[in-house]
Structure formats: C-alpha cells, structure tokens
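**Q** Here is the input, now give the coordinates:
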Amino acid sequence: MHDKTSIVADALLSSQALKFGEFRLKSGLVSPYYIDLTWLFSSPEDLRRVVEVLAEEIVDLSSRMRIDKVASIELKGALVLAAASSRIDIPCLIVRKESKAYGLTGRIAGGEVEEGERILFFDDVVTDGKSKIEGIRPLEEMGAEVKAVLVVVDREQGGRENLQRMGYQLNSVTTISEIVKSLMETRKIGEEQARLILNYVKSSRRRRLRT
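**A** Predicted structure coming up:
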C-alpha cells in the first residue's frame with residue numbers, strides 16, 4: 001500500500017475524521033462513511049501528517065504544471081490548504097461561499113486574483129465533482145486559469161470523470177478504496193466494515209455505468 005495512503009488513512013482514523021455509520025451527502029446519496037477534515041484540528045499530530053502529505057503533493061504537481069496560487073472554498077478545505085501553502089511558499093486564497101457585503105467585500109479572501117494566473121483548486125474530498133464548480137467559477141470570472149483540482153480523498157463516485165468532462169484534471173492524494181484496504185491490512189478496521197464500504201464503491205460505479 002502506498003505510503004501516502006497509509007499516512008492519510010491512519011491520520012483520518014486516529015483523529016476520527018473518518019466516521020462509519022449512515023450519512024446523507026450533499027448529493028442526497030446515503031453513505032456508510034463520512035470524512036470531515038475539521039476533526040484533524042483537534043489532533044495536531046494527525047493534522048501535521050496530512051498537511052505534510054498535501055504539501056508534498058502540491059510540490060509534485062508544481063513540477064509538472066505552473067501553479068501561481070492555490071485556492072479552496074471555505075471552510076475545512078481552506079484551513080488545511082493554508083497550512084500546507086505556508087510550508088511550500090505558494091500563496092493561498094479562500095473563496096467565500098457568499099459575497100461579503102462589508103469590510104473587504106467580494107468572494108475572494110486572502111489576496112487578489114490576477115488575470116492569467118494559474119490556480120490549483122483544492123478541496124477535502126470529491127464525490128461527483130459538481131460542487132467544486134462553486135469554488136472554481138469565481139476564480140475564473142476574475143481571470144484566473146483553473147486547470148486542475150486536488151483533493152485528499154477521491155470517494156470514487158464519478159467526480160474524476162465529471163470534472164474531466166468539464167475540462168478539469170482531478171488529482172487525489174488517495175482514494176477511499178485504498179484507505180479502506182490499508183486500514184484492513186493493518187487490522188485497524190474489520191473485514192466486514194471494509195467490505196461494506198468497498199461494496200458501496202462498487203455499487204456506485206455500477207449505478208454510473210447504467211446512466
């Protein structure tokens with residue numbers, strides 16, 4: 001199992017950012033697991049490990065494509081991204097979900113978007129990918145070029161394919177299948193729990209193929 005996967009898997013489980021149960025997603029689908037990166041903030045060591053992996057991933061991407069700035073939509077993704085960007089000396093922007101009407105107004109916080117800048121968009125996870133446009137569009141409207149999206153975990157529910165159709169390249173540190181297999185191999189979760197999630201991923205894939 002890839003080292004990055006084992007680091008992220010252990011950190012998510014240790015901090016309780018990875019939860020098991022029954023959760024309704026923004027898309028309306030019901031999932032047997034949920035990932036909430038804000039739980040990393042209560043576990044500094046786990047946060048540090050994820051931030052280091054994320055920083056390394058951005059550095060690797062920057063060796064293959066031009067990245068002037070990184071950006072994420074508020075809240076949890078932006079907080080993790082800001083910590084990573086401070087380690088690699090790449091400016092970070094935050095896209096507000098709604099335009100601020102007082103003080104420094106607008107939807108962009110932390111700096112300015114300049115015409116032609118290449119911005120890497122980050123979020124914690126990707127499901128179907130459609131919600132990423134909420135954060136990307138304001139950047140593009142201000143003249144930035146967003147070609148790639150980076151997430152910590154790909155839930156493998158069509159996000160990669162949907163983003164590709166919309167003209168964006170998806171990069172993920174790891175996938176939920178890789179995380180589950182890593183945790184099962186190290187006996188940190190049981191086979192039954194792992195099988196439930198892996199079957200969920202497979203059924204999501206079959207559902208996409210039918211549509």
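
**Q** does residue 94 count as helix, strand or coil?
**A** Three-state assignment for residue 94 (DSSP: H, G, I helix; E, B strand; the rest coil): strand.

**Q** number of nearby residues for residue 4?
**A** Other residues lying near residue 4 total 17 when counted by other Cβ atoms under 10 Å. In short, each C-beta sits where N, CA and C put it, glycine included.

**Q** surely it meets residue 174?
**A** Yes - the criterion here is Cβ atoms under 8 Å, and residue 4 meets it with residue 174 at 6.1 Å.

**Q** count of neighbours near residue 32?
**A** Using other Cβ under 10 Å, residue 32 has 15 neighbouring residues.

**Q** Pull up the gap between it and residue 172, please.
**A** 20 Å (Cβ to Cβ, to the nearest Å).

**Q** Could you do residue 152 as well?
**A** Taking Cβ to Cβ, one finds residue 152 at 7 Å from residue 172.

**Q** what comes up buried for the worst-scoring helix or strand of the chain on mean pLDDT?
**A** Lowest by mean pLDDT, DSSP states H and E among the helices and strands of the chain is strand 106-109, with a mean of 76. Neighbour-count burial for strand 106-109, counted by 16 or more other Cβ atoms under 10 Å, picks out 107, 108.

**Q** hang on, residue 146 packs against residue 135?
**A** No - here residue 146 does not reach residue 135: they are 9.1 Å apart, not a contact under Cβ under 8 Å.

**Q** okay, those two: which has more neighbours?
**A** Neighbour count, other Cβ under 10 Å: between residue 146 and residue 135, residue 135 has more, with 25 against 20.

**Q** Nearest residue to that one in space, please, no chain neighbours.
**A** Once flanking residues are discounted, residue 135 sits nearest to residue 73: 3.5 Å by Cβ to Cβ, 6 or more residues apart in numbering.

**Q** Tell me which stretches of the protein form strands.
**A** With DSSP state E applied, the chain shows strands at 18-24, 30-35, 69-73, 92-100, 106-109, 119-126, 148-154, 169-175, listed in chain order.

**Q** Which pLDDT value goes with residue 166?
**A** Residue 166 carries a pLDDT value of 93.

**Q** Any idea how many residues pack against it?
**A** Residues near residue 166, counting by other Cβ under 10 Å, number 13.

**Q** what's near enough to touch it?
**A** Going by Cβ atoms under 8 Å, 6 or more residues apart in numbering, residue 166 touches 129, 133.

**Q** and if we set it to 6 Å?
**A** Residue 166 makes contact with no residue, according to Cβ atoms under 6 Å, 6 or more residues apart in numbering.

**Q** Could you tell me the phi and psi values at it?
**A** Main-chain dihedrals, residue 166, degrees, to the nearest 10: phi -90, psi 0.

**Q** ok, back up a step: does the residue nearest to residue 135 touch residue 95 like I think?
**A** Yes - taking Cβ atoms under 6 Å as the definition, residue 73 is a contact partner of residue 95 at 4.6 Å.

**Q** Please enumerate the shared neighbours of those two.
**A** When contacts are counted by Cβ under 6 Å, 6+ apart, residue 73 and residue 95 have residue 135 as shared neighbours.

**Q** Chain neighbours aside, what residue packs nearest to residue 132?
**A** In this structure, residue 132 finds its nearest non-sequential neighbour in residue 149, 5.7 Å apart by Cβ to Cβ, 6+ apart.
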